[in-house]
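Enquirer: Any chance you can model this:
(2 chains)
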Amino acid sequence: MAQDDANVIDQPEVMTPRMVTIEIAGKKVDVPEGITVVKAMWYAGMDVVRGVGCLGGFCGACATYYRTKDDPKVRTCLACQMAVQDGMSFTMMPPFPARKATYELQKLQDPKQDLFNLYPEAPLCRNCNACTEACPQKIDVREGVWKAVFGDFKSVSEMFMDCVMCGMCTPVCIADIAPNLVALYVSRAQGAHFSEKPVGLDVRIKEIQDGQYNEEWDKVLKMSEKQLAEHCATVK
Amino acid sequence: MDIHALQQIVHKTRDARRKQTIPKFAPTERDQLIHKYHPDFRASAYRPIKFGPNEGDKTVMELAALLEGDSSIQDHADLTAHYTCDVLVIGGGGAGCAAALHAHGAGAKTILATKLRLGDSNSVMAQGGMQISVAPEDSPVTHFIDTLKGGHMENDHALLKTMVEDGPSIAKWLLELGVLFDRQADGNLHVKKGGGSSKPRLLTCSDYTGLEIMRVLKDEVINQKIQLLEFAAAIELLSDEAGNCTGAIFKDLDNQRHVVVAAKCVILATGGIGRLHIQGFPTSNHYGATGDGLCLSYRMGAKLAHIDTFQYHPSGAVYPEQLIGQLVTEGIRSEGGHLVNATGERFVNELDTRDVVSSSIIRECEEGRGIRTMSGRVGVWLDTPLLDAEHGPGTVEKHFPAMMLQFERFGIDISKDPVLIYPTLHYQNGGVKIDTNSETNVKNLFVAGEASGGLHGRNRLMGNSLLDLMVYGKRSGLTAAGRVASMKQGQLTLKHLQRFRAEAKKHGNVSGVISPMILPAYTRKVN
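Expert: Purely as a prediction, here's the structure:
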């Protein structure tokens, strides 16, 4: 293959990986530097069933606590999105038994008031900010909880669009609020109760119900393979 | 060389490229390109299936072995039911949730079983959006035509017509459940243009469309108190004397015990095959995408369609190493992002269909115009900073927050530097053949979503998967629920497995593997 050797990205760390010592749930193991936390667990010979989901940073299955060398601060990450480094220690977060309220969304009469019935702990936030610090998605969780309490559902729904429901904001809450679940309720209420109804959508649904496209369908579906291919070529 | 030095050519050629328009390929050119470079045409990766409903049909080696594979269940296993229900849904992604919600809503006693957690699926990762013809200048017929072109005219017309016509009512259902689709200033649904589509038709929730839909559907499944069996992997289906489906056997992954569920109807919504790493490709798929539903239904005698064709998403990350195979959303190209080779040139219309774009990337790389990494991978640049140049600073951050964050974690700012990409195994175009009620040729066995086949032809159009999941999830759930009232629970037997084993024996029990795979074997064997 004629390829200029200059066209190669330097990645010496991948070619001859430096081995680093990390601690997985308290156990010391040597793994190649820079692989993801979840890959480090596989490398160490661990079967991981609980704790792996999409492997793309979207599902929140792999919520993990970690600490880097000599730093007292325990931080949070998604195990599929975090590279290991020397001296790092981590452990996966077990499923946390936060209470999720159940509700019939469409039947809610006053969703902003209903928040306090469904999640009576929501207004008890003591502003410690631990939830915001725990969020691997960098959402200002504390601010979101207050906005929910003050009825600014729209802002909450926008702020929590990044939420992967990993639940790392829940065990840290000293008021036993589950901010991710509060935000999910608020976002759904915003969508179902406080968003404009898209008029064009109803028009299209009615057009289909009224058979407005039937003639066009008849024409298209009766075409021979060749005719259909020719017709397709005209649609650009 | 340092990556930043190699990226310079992208920055330097940006202004000149912005003035260019690259025409789409003519049909003959397109076919030549695909036949030469698309992985679906690499004959050495394929072989005929030796027996079963698709005997003689070619598919990739990895899948053929699993389809011919043996069950882990013994012939005389205890089949006393632990649970009994009307409708058993297997799979907790988009199609599974939609099926369970509709079956439950129609009054059927429903169980949703899934091998990981509720919601762990590819659906949650869908970033690009959901195609529904809601714009005034668009129509279901145009959606049909676009999809047909994308699928190389091999799509099942009835399935496709049903999907595009059901689309708008699906959007309404999701809005009522509280899904926050992006809006125009007038409150109507905002639509974006997707690859291979003639009209803007993608409904989006920024670049979190699948996540937003799944958050809502999962929440609703829990609110509706639908019975869940999580970490329960389906390992065999059950049939009555007549060969109709009557339930399934699961392995509880927490304690390895078998769980038998009797059901009047079974809906398989088990998703795709990315984790089989066909032809050695990395994948954008979730941990459990191992094609379990294909193996289970094949042993029951269900016919598969288009199982020789897979979708390689054009833009899988190649750098950094930690993100290999993960998607860089097509939305970037929808908004005008260029694909650029090592010489700073564009080489394809970025909004052509996925198979065309992927083939042209592979061509560039095979002909030496790719950028290589020391780990032996190769790719081309996706010019992400172009979006900020074109639409104003902050565009990338505003429209693609998920992408920004994903790369930022590894010290890369995609609004400033281009991303190195190469096709990644993304989607199974085919699957178990279904009718417009989502039922297979095995009575009372339904398949919905990626595990099903026929709808997408030989190449799925961007944004059609989320719609497929919802439409056929709903149809399977409603059809099954509508049937169960007048049905008796059938006997639980393994007759189908005995037949399958007899046939396997005739062919020399060649496969040597147990299927379904359940999870990929990534754990390193430590001696």
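Enquirer: all contacts plus neighbour counts: C-alpha atoms, from now on.
Expert: OK.
Enquirer: what sits against the residue nearest to residue A:171 when sequence neighbours are not counted?
Expert: Nearest residue to residue A:171 in three dimensions, chain neighbours excluded: residue A:96, at 7.0 Å (C-alpha to C-alpha, 6 or more residues apart in numbering or on different chains). Residues near residue A:96 by C-alpha atoms under 8 Å, 6 or more residues apart in numbering or on different chains: A:167, A:170-171.
Enquirer: Can I get the residues you listed in CSV including secondary structure, pLDDT and neighbour count?
Expert: Shown next, in CSV, are these (DSSP: H, G, I helix; E, B strand; the rest coil; pLDDT from 0 to 100; neighbours: other C-alpha atoms under 10 Å in any protein chain shown):
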residue, secondary structure, pLDDT, neighbour count
A:167, coil, 97, 25
A:170, coil, 97, 23
A:171, coil, 97, 18
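Enquirer: List the residues that contact residue B:478.
Expert: B:99, B:102-103, B:106.
Enquirer: any idea of the pLDDT on residue B:194?
Expert: On the pLDDT scale, residue B:194 is placed at 86.
Enquirer: what do you get for residue A:4?
Expert: 53.
Enquirer: and the residue nearest to residue A:171, that one's in a helix?
Expert: No: Residue A:96 is assigned coil when assessed by DSSP: H, G, I helix; E, B strand; the rest coil, not a helix.
Enquirer: Spatially nearest residue to residue 130, not counting backbone neighbours?
Expert: This is for chain A. Closest to residue A:130 by C-alpha to C-alpha, 6+ apart is residue A:172, at 6.1 Å.
Enquirer: Wait, chain B was what I had in mind.
Expert: That would be residue B:463: by C-alpha to C-alpha, 6+ apart, it lies 4.3 Å from residue B:130.
Enquirer: isn't that neighbour right up against residue B:129?
Expert: Yes: taking contacts as C-alpha atoms under 8 Å, residue B:463 lies within contact range of residue B:129: 5.1 Å.
Enquirer: Looking at the two, which is more packed in?
Expert: residue B:129 (30 against 25; other C-alpha atoms under 10 Å in any protein chain shown).
Enquirer: OK, contacts around that one?
Expert: B:202-205, B:207, B:209-210, B:462-463, B:466.
Enquirer: circling back: mind putting the contacts of residue B:478 into a markdown table with neighbour count?
Expert: As requested, these are exported to a markdown table (neighbours: other C-alpha atoms under 10 Å in any protein chain shown):
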| residue | neighbour count |
| --- | --- |
| B:99 | 38 |
| B:102 | 22 |
| B:103 | 28 |
| B:106 | 15 |
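Enquirer: Is it possible to get the residues you listed out as JSON lines so that each row also shows pLDDT, distance to residue B:498 and secondary structure?
Expert: Below are the contacts of residue B:478 laid out as JSON lines (pLDDT from 0 to 100; distance: C-alpha to C-alpha, whole Å; DSSP: H, G, I helix; E, B strand; the rest coil):
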{"residue": "B:99", "pLDDT": "98", "distance to residue B:498": "30", "secondary structure": "helix"}
{"residue": "B:102", "pLDDT": "98", "distance to residue B:498": "34", "secondary structure": "helix"}
{"residue": "B:103", "pLDDT": "98", "distance to residue B:498": "31", "secondary structure": "helix"}
{"residue": "B:106", "pLDDT": "98", "distance to residue B:498": "35", "secondary structure": "coil"}
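Enquirer: which of those lies closest to residue A:192?
Expert: residue B:102 (18.4 Å; C-alpha to C-alpha).
Enquirer: Not counting its neighbours along the chain, what's nearest the closest one?
Expert: residue B:477 (5.2 Å).
Enquirer: quick one: that neighbour and residue B:215, what's the gap?
Expert: From residue B:477 across to residue B:215, the span is 20 Å (C-alpha to C-alpha, to the nearest Å).
Enquirer: picking that back up, wait, what's in contact with the residue nearest to residue B:130?
Expert: Here residue B:463 is in contact with B:128-131, B:194, B:202 (criterion: C-alpha under 8 Å, 6+ apart).
Enquirer: Tell me the one of those nearest residue B:299?
Expert: residue B:130 (32.7 Å).
Enquirer: Roughly how far does that closest one sit from chain A?
Expert: Taking C-alpha to the nearest C-alpha, to the nearest Å as the measure, residue B:130 falls 14 Å from chain A.
Enquirer: do the same with residue B:441
Expert: Counting by C-alpha to the nearest C-alpha - residue B:441 and chain A are separated by 24 Å.
Enquirer: SS state for that residue?
Expert: Residue B:441, by the three-state scheme (three-state DSSP), is coil.
Enquirer: What score does it have for pLDDT?
Expert: 98.
Enquirer: Next up, the contacts around residue A:127.
Expert: Residue A:127 neighbours (C-alpha under 8 Å, 6+ apart): residue A:142.
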